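Novice: Starting from these lines, generate the structure:
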Amino acid sequence: MNFAGKKVCVIGTGISGIAAAVLLSKKGANVLLYDGNDKLQKEAIKDQLAGHTEIEIYLGDFPKEKLSLLDLAVISPGVPTDIPIVEMLKNNGIKIWGEIELAYHCGKGKVVAITGTNGKTTTTALTGEIMKNYFESVFVVGNIGIPYTSVVDQMVDHTVTVAEISSFQLETIEEFRPVSSAILNITPDHLNRHKTMENYIKVKKSITLNQSKEDTCVLNYEDEILREFGKKLPNKVIFFSSLTKLSKGIYLDGDDIVYQDNTDTYHICKTTQLKLLGRHNHENVMAAIGLAISMGVPHEVIRDTIMKFAGVEHRIEFVMEKNQVAYYNDSKGTNPDAAIKGIQAMNRPTILIGGGYDKDSEYEEWIQSFEGKVRYLILIGETKEKIAKAARKCGFENIIFAENLKEAVEISASKAEIGNAVLLSPACASWGMFKNYEERGNMFKNYVHNL
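Specialist: Here you go, the predicted model:
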C-alpha cells in the first residue's frame, strides 16, 4: 500500500503504537494517534514521536467526525479487537491491521516468525543470534520488546527478520507470510481475551496462514494439537521432540541433540554443553535449530551459537546467591504452564513467589508440579485467594500471603534455609501491580540486592 496522503488512525500509545505512527508519518500518511485513556499527557506522547509534530493526538473519546476520513486503522497488540472503538471502525468498513501487518508491508527481506504459549522469547533470541552469526543483515523484533515497525526503514532485500509473534499480534494479520515459522506449544493462556481454547488454538495456527509449500513450519511433536496440525499442513514441516526418536526431524537421544534428515544423522551437540537449564529450554534450542536449518545455516554455526547462548533476562535468570540461598527471576513465567517449567528447572528446595493478574487460568496442574520441591508458596496480587484455594485442594498448605513483591521477597529470605532457592515465577500476568513483566522482574532483582 502507498501510504502517501492516506488518513490512518493508530490506536494505542505504547511502544508499538508510537513506532507505527512514526513509520506511517515517514511514509507520508496523515496520522491520527488515539488512546482511550484520557489521563495520559499529550506532551509526554509528543516527546516520543521523534519530532513528528504533524501527528494528531486524541485521548479519551474518539473524534467520530474523523471516521469517514479514515483509510486504515492500525491497532497495537494490547488493544482487544472487540472493544467499542474497534467495533466502530469495523462497522464503518475501515480496514484494520495490526502493527505486525503494517511492518510486513513496509519491510524487506525474509521473515522468520515464532509463536507458542511458552518459550517464544528464548527461542526468538537464540534464533536471532544464530542468524546474526551467518547473515549480514538481521533484526530481532516483535513481542521480544522491539517494535517491528521501528526497524523496517533499515531493512534491505537480503535482511532476515526474526520475529516473536504473540496471539494478540496474530489476530490482525492479513498477508503476513514468514518463510519459516515455529509454533512451540499450545497450552491455555489469555482466555480472558480469546474467550475459548478453540479460538486461542486457531489464532496460534494462523502464523502459517499465508505460507506456501516452499515455506517451513517447525512444530513440537510432543504437543498433540501441533502433531496433528503438522500432518495436514501443505508446507514443509520440521518436527522436534524431547521424548521421541524421530525418523525425520530434531530429537533428544539421551543427552544428544540429533537432527535426522531422511537417511543422514547429524549430532548437533550434547545438552550438557548448553548453558540453558531444563527440558523446556532444550525444546527451545531444538526449535531454533529447526528454524536455522530451514534457512540454510551451516551446522557448525548453529552448534557454536547454541553452546554459547546464556538465555534471556527474566526467564529462570540467576540473580545472585545471598547467605547461601540462590535467587532466580522467572518473571516471564506469566501463566501456569510457563511457571511449571520454572519450578522443574530448580534443583534444590525452593521458596516460590507467585500470583498477579488473573487471566482466567487454572492453577492445580502448577501446584501438582511442586512434587515436594516447594517449601513455601508466597502469594501476591488479585489471584492469591484463587491460587491458595487451588493449592489447598491439591493438599499444599504452606501458603503465605504478602501485600506486595517487596514483602514477598523479605518473607522468602526469612523462610529460606542454607542450600535453598527463592524463585519468582508468578504463573500470572504482571498487570495491575506492574507495567509489565520486565518491571516486575527488575523490582524483584532490586529487592534481592537490597536484602
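
Novice: Tell me what D253 is bridged to.
Specialist: Under DSSP bridges, the beta-bridge partners of D253 are D256.

Novice: What is the burial count for it?
Specialist: 11 (other CB atoms under 10 Å). (C-beta placed from N, C-alpha, C; glycine too.)

Novice: so how far is A163 from it?
Specialist: As judged by CB to CB, to the nearest Å, D253 and A163 stand 31 Å apart.

Novice: next one: C428
Specialist: From C428 to A163 the distance is 26 Å (CB to CB).

Novice: what are the ranges of the helices in the stretch 351-451 of the chain?
Specialist: Per DSSP state H, counting those that start in this stretch, the stretch 351-451 of the chain carries helices over the ranges 364-368, 384-393, 405-415, 437-449.

Novice: got these as a markdown table, with mean pLDDT and mean neighbour count columns?
Specialist: Below are the helices of the stretch 351-451 of the chain laid out as a markdown table (pLDDT from 0 to 100; neighbours: other CB atoms under 10 Å):
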| stretch | mean pLDDT | mean neighbour count |
| --- | --- | --- |
| helix 364-368 | 96 | 19 |
| helix 384-393 | 97 | 18 |
| helix 405-415 | 98 | 19 |
| helix 437-449 | 97 | 19 |
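
Novice: which regions of this structure sit below the pLDDT cut-off?
Specialist: Low-confidence segments of the chain (pLDDT under 70): 188-195.

Novice: hey, where'd the strands end up in the stretch 251-400 of the chain?
Specialist: Along the stretch 251-400 of the chain, the stretches classed as strands by DSSP state E, counting those that start in this stretch are 256-261, 264-270, 317-322, 325-329, 350-354, 374-379, 399-401.

Novice: Looking at these, which one is packed in the most?
Specialist: When you average the neighbours per residue for each of the strands of the stretch 251-400 of the chain (mean count of other CB atoms under 10 Å), strand 350-354 leads with a mean of 27.

Novice: Outside of that strand itself, list whatever touches it.
Specialist: Residues from elsewhere that reach strand 350-354 (CB atoms under 8 Å, 6 or more residues apart in numbering): 339, 343, 366, 370, 373-380, 387, 402, 405, 408-409, 412, 415-416, 420-428, 444.

Novice: Contacts only, for E164.
Specialist: Applying CB under 8 Å, 6+ apart, we find E164 in contact with 114-115, 120-121, 123-124, 141-144.

Novice: now do V297
Specialist: So V297 contacts 130-131, 134 (CB under 8 Å, 6+ apart).

Novice: JSON lines please, covering these and showing neighbour count and distance to M320.
Specialist: Shown next, in JSON lines, are the contacts of V297 (neighbours: other CB atoms under 10 Å; distance: CB to CB, whole Å):
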{"residue": "I130", "neighbour count": "26", "distance to M320": "29"}
{"residue": "M131", "neighbour count": "25", "distance to M320": "32"}
{"residue": "Y134", "neighbour count": "16", "distance to M320": "35"}
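
Novice: Same list, those residues, but as JSON lines with distance to A4 please.
Specialist: Shown next, in JSON lines, are the contacts of V297 (distance: CB to CB, whole Å):
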{"residue": "I130", "distance to A4": "38"}
{"residue": "M131", "distance to A4": "33"}
{"residue": "Y134", "distance to A4": "36"}
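
Novice: most remote residue from the chain's center?
Specialist: E65 (36.9 Å; CA atoms, centre = their mean).

Novice: Specify the local secondary structure of that residue.
Specialist: Counting by DSSP: H, G, I helix; E, B strand; the rest coil, the backbone at E65 sits in helix.

Novice: all helices for the stretch 201-350 of the chain, in order.
Specialist: Under DSSP H, counting those that start in this stretch, the stretch 201-350 of the chain gives helices at 224-232, 279-294, 299-308, 336-345.

Novice: hmm, who's touching the last one?
Specialist: Residues outside helix 336-345 that contact it (CB under 8 Å, 6+ apart): 117-119, 185, 187-189, 277-281, 316, 328, 330, 332-333, 350, 352, 354, 361-363, 365-366, 369-370, 373-374, 423, 425-427.

Novice: Can you flag the buried ones in those residues?
Specialist: Among those, those scoring as buried are 117-119, 185, 187-189, 277-278, 280-281, 316, 328, 330, 332-333, 350, 352, 354, 361, 363, 365-366, 369-370, 373-374, 423, 425-427 (criterion: 16 or more other CB atoms under 10 Å).
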